[in-house]
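Student: whatever this is, show me its structure:
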Amino acid sequence: MLALFYIFIGVAIGVSFWQITRIMNFRGAIATDEDNTKQGRNSLLFMAFFYAMMIYCLIYMNVILLPESASIEGEHDDNLFNITFILIGIVQFAMQFLIFYFTYKYKGSKDRKAKFYADSHKLELIWTVTPAVVLVVLIGYGLWQWNNIMDLSGDDDAIVIEVYSQQFRWEARYAGEDNTLGLGNVNYIKGINSMGVDMSDKNAQDDKQVTELYLPKGRKIHFKFRSQDVLHSAYMPHFRAQMNCVPGMVTEFGFTPKFTTDEMRQQSEVIEKTAGINKIRKAKGEDIYEFNYLLLCNKICGASHYSMQMKITVVEQDEYDKWISEQPTLATVIQ
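Tutor: Below you'll find the predicted structure:
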């Protein structure tokens, strides 16, 4: 089906160049009624082709979209996307129809004179106020969702995790039983203290440093981000979350996972996409792919930017408790 899409694009480009060539040849010529009628019919044909392309993309190209949000907060992101997409789709279909239909209906004719309207206050009011109201609603919804993930003041039970970025890898640090992270600074980086944790801070003693994220389902996670070198961007696409990691400052957000990794693997969309990926991998003789949540860098931070990934595993609370209890504290690792 992708080949058919490329053929459509090639035909559209070819027709465009053909029309441009014809226009260049017609300079100085006066269009006849027959020419106008032909161009009017062509506009209807192009409208049909245009609609066919849009419908094709809606049906067959949605395979590139992400599956259902894996976080509770991400549901609102998806809702905002769907609302915006539907509104744009309605306007797109309606406007394209009007443009091509009126091109045909009011094609040039010797017996028709153009009408001129100086102004219409009613029309101007409609096309000004309507988009403004829609934008205010969408922006208001977006700001409400932004506050959901950014305001962490009332989440005393949230798990606090620091994500540390550097070219070209991620590291993470879980707050200990006090649920408070110890101070960190690049000046403390030495030997195995790769995250620059201030070990003189008593809050750092029970922190736990890891190279893979484990998150419990249904519990709020409070992420804090730091960068050692350049600007990175912590991107967790399945959770609909992204935050810049800025050298010299701490940025943060929070979300609540709602599907374990195993549950997400059973989603029909994930099964379909995994099968498609493995079909390609099998043809190339590569290893079989298994779905996992990932933390990616969404800033082009250097030559090995593409390999900057960290696996995220979402499990039930009891399994998380078992895993976190097995991780050594910094006090036992960094002497």
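Student: so where's the stretch 201-335 of the chain uncertain?
Tutor: Across the stretch 201-335 of the chain, the stretches falling below the confidence threshold (pLDDT under 70) are 335.
Student: show me where it has strands.
Tutor: Counting by DSSP state E, counting those that start in this stretch, residue ranges of the strands within the stretch 201-335 of the chain are 208-210, 213-216, 221-227, 232-236, 241-245, 251-255, 293-297, 309-315.
Student: so which of those strands is nearest residue 117?
Tutor: Across the strands of the stretch 201-335 of the chain, the minimum distance to residue 117, taken as C-beta to C-beta, is reached by strand 241-245, at 47.1 Å. Using the backbone N, CA and C atoms, a C-beta is placed for each residue, glycine as well.
Student: tell me which strands the closest one pairs with, and in which orientation.
Tutor: Strand 241-245 pairs in its sheet with strand 232-236 (antiparallel), by DSSP bridges.
Student: and the strand it pairs with, what's buried?
Tutor: Taking 16 or more other C-beta atoms under 10 Å as the basis for neighbour counts, the residues of strand 232-236 that come out buried are 232, 233, 234, 235, 236.
Student: now swap in stretch 273-291 and tell me
Tutor: Of the residues in stretch 273-291, those buried by neighbour count under the rule 16+ other C-beta under 10 Å are 273, 274, 291.
Student: helices - which of those land there?
Tutor: In helices, defined here by DSSP state H, the members of those are 273, 274.
Student: how about the strands of the stretch 201-335 of the chain, which one is nearest residue 115?
Tutor: strand 241-245 (51.1 Å).
Student: what is the orientation angle of the closest one with strand 293-297?
Tutor: Strand 241-245 and strand 293-297 are oriented at 30 degrees to each other (axes from the mean of the first three to the mean of the last three C-alpha atoms, to 10 degrees).
Student: using CSV, write down the CA coordinates of strand 241-245.
Tutor: As requested, the backbone C-alpha atoms of strand 241-245 are provided in CSV (Å, rounded to 0.1, in the frame of the first residue of the first chain):
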residue,chain,number,x,y,z
ALA,A,241,5.5,12.9,27.9
GLN,A,242,8.5,14.9,27.0
MET,A,243,10.7,17.4,28.8
ASN,A,244,14.0,19.1,28.0
CYS,A,245,17.0,18.3,30.1
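Student: outside of it, which residues touch it?
Tutor: For strand 241-245, contacts defined as C-beta atoms under 8 Å, 6 or more residues apart in numbering pick out 71, 73-74, 149, 163, 165, 223, 225-227, 231-236, 251-253, 255, 298-299.
Student: picking up where we left off before, of all the buried residues of strand 232-236, which comes closest to residue 57?
Tutor: Taking those together and measuring to residue 57 by C-beta to C-beta, the closest member is residue 235, at 24.6 Å.
Student: check contacts around the closest one.
Tutor: With the criterion set at C-beta under 8 Å, 6+ apart, residue 235 makes contact with 241, 242, 295, 296, 297, 298.
Student: how about the contacts made by the closest residue to it other than its chain neighbours?
Tutor: Here the nearest residue to residue 235 in space, its sequence neighbours aside, is residue 298; by C-beta to C-beta, 6 or more residues apart in numbering that works out to 3.8 Å. Listed by C-beta under 8 Å, 6+ apart, the contact partners of residue 298 are 233, 234, 235, 242.
Student: try it again with 10 Å
Tutor: Residue 298 makes contact with 232, 233, 234, 235, 236, 237, 242, 243, 244, 305, 308 under the criterion C-beta atoms under 10 Å, 6 or more residues apart in numbering.
Student: Throw these into TSV and include distance to residue 113, thanks.
Tutor: Below are the contacts of residue 298 laid out as TSV (distance: C-beta to C-beta, whole Å):
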residue	distance to residue 113
232	63
233	58
234	63
235	58
236	61
237	57
242	56
243	60
244	59
305	61
308	65
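Student: break the protein into its domains for me.
Tutor: Per the record, the chain has its domains at 2-108, 159-333, by automatic domain parsing.
Student: quickly note the distance from residue 149 to residue 71.
Tutor: Applying C-beta to C-beta, to the nearest Å, one obtains 9 Å for the distance of residue 149 from residue 71.
Student: give the intersection of the neighbour lists for the two.
Tutor: 77, 239, 240, 241, 254, 255, 256.
Student: ok, residue 227 touching residue 186?
Tutor: Yes - counting by C-beta atoms under 10 Å, residue 227 sits close enough to residue 186 to count as a contact (9.3 Å).
Student: neighbour count winner among these two?
Tutor: Neighbours of residue 227 and residue 186, each counted by other C-beta atoms under 10 Å, are more numerous for residue 227; the result is 25 against 14.
Student: is that one bridged to anything, and to what?
Tutor: For residue 227, the residues forming beta bridges with it (DSSP bridges) are residue 165, residue 247.
Student: do residue 236 as well
Tutor: Applying DSSP bridges to residue 236 gives these bridge partners: residue 241.
Student: my read: it touches residue 70, true?
Tutor: Yes - using C-beta under 10 Å as the test, residue 236 is close enough to residue 70 to be in contact (8.6 Å).
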